[in-house]
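S.K.: next input, structure requested:
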Amino acid sequence: MSGDIATIAQQLGAAVELTMNPAIPMEQRHQAFNQLEEFKENSPYGSQCGFHLVASSESPVVRHFGLKILEDVVKARWNTMVGEEKVFIKDSLMKLMSSGTGHLTVEHLFI
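M.R.: Now for the predicted structure:
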């Protein structure tokens, strides 16, 4: 399953980069944006992919999108989630907060 999450996260990262690239035609950027929005609204793998995207090896824009997925999942689905997923999100967020992100002078402000 973790291989599937990595593959999905890689596709999401590519779609985020595509939407942010001004050299790509607007039609393709719009299609990529719609795919990202559909994923955020409907995918059962939102929290897992969000944490995968937040990994510091991703670009800042992709990491920001990962955090946005996590925010949306918690806001929209928290009351209907099973207990195991709530614990996974809580534990993963605590690990992320304890390890932090990049140094304040290096990290982008939107992260």
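S.K.: what about the residue positioned nearest the centre of the chain, distance to Thr19?
M.R.: Against the mean C-alpha coordinate of the chain, by C-alpha atoms, centre = their mean, the closest residue is Gly66 at 1.8 Å. Look at Gly66 and Thr19: by C-beta to C-beta, to the nearest Å, they are 14 Å apart. Heads up, the C-betas are built off the backbone N, CA and C, glycines and all.
S.K.: with Val74 instead?
M.R.: From Val74 to Thr19 the distance is 23 Å (C-beta to C-beta).
S.K.: got phi/psi on the residue nearest to the centre of the chain?
M.R.: phi -60, psi -40 (degrees, to the nearest 10).
S.K.: wait, it sits on Gly50?
M.R.: Yes: under the criterion of C-beta atoms under 8 Å, Gly66 makes contact with Gly50 at 4.7 Å.
S.K.: which parts of the chain are helices?
M.R.: 2-20, 26-42, 46-54, 60-77, 83-99 (DSSP state H).
S.K.: possible to save these as JSON lines with mean pLDDT?
M.R.: Formatted as JSON lines, the helices of the chain follow (pLDDT from 0 to 100):
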{"stretch": "helix 2-20", "mean pLDDT": "90"}
{"stretch": "helix 26-42", "mean pLDDT": "94"}
{"stretch": "helix 46-54", "mean pLDDT": "92"}
{"stretch": "helix 60-77", "mean pLDDT": "92"}
{"stretch": "helix 83-99", "mean pLDDT": "90"}
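S.K.: mean neighbour count, those helices: which tops it?
M.R.: helix 46-54 (a mean of 23; mean count of other C-beta atoms under 10 Å).
S.K.: look up how far Lys75 lies from the spatially closest residue to Val61 that is not a sequence neighbour.
M.R.: Once flanking residues are discounted, Val61 sits nearest to Met20: 5.4 Å by C-beta to C-beta, 6 or more residues apart in numbering. Using C-beta to C-beta, one obtains 23 Å as the distance from Met20 to Lys75.
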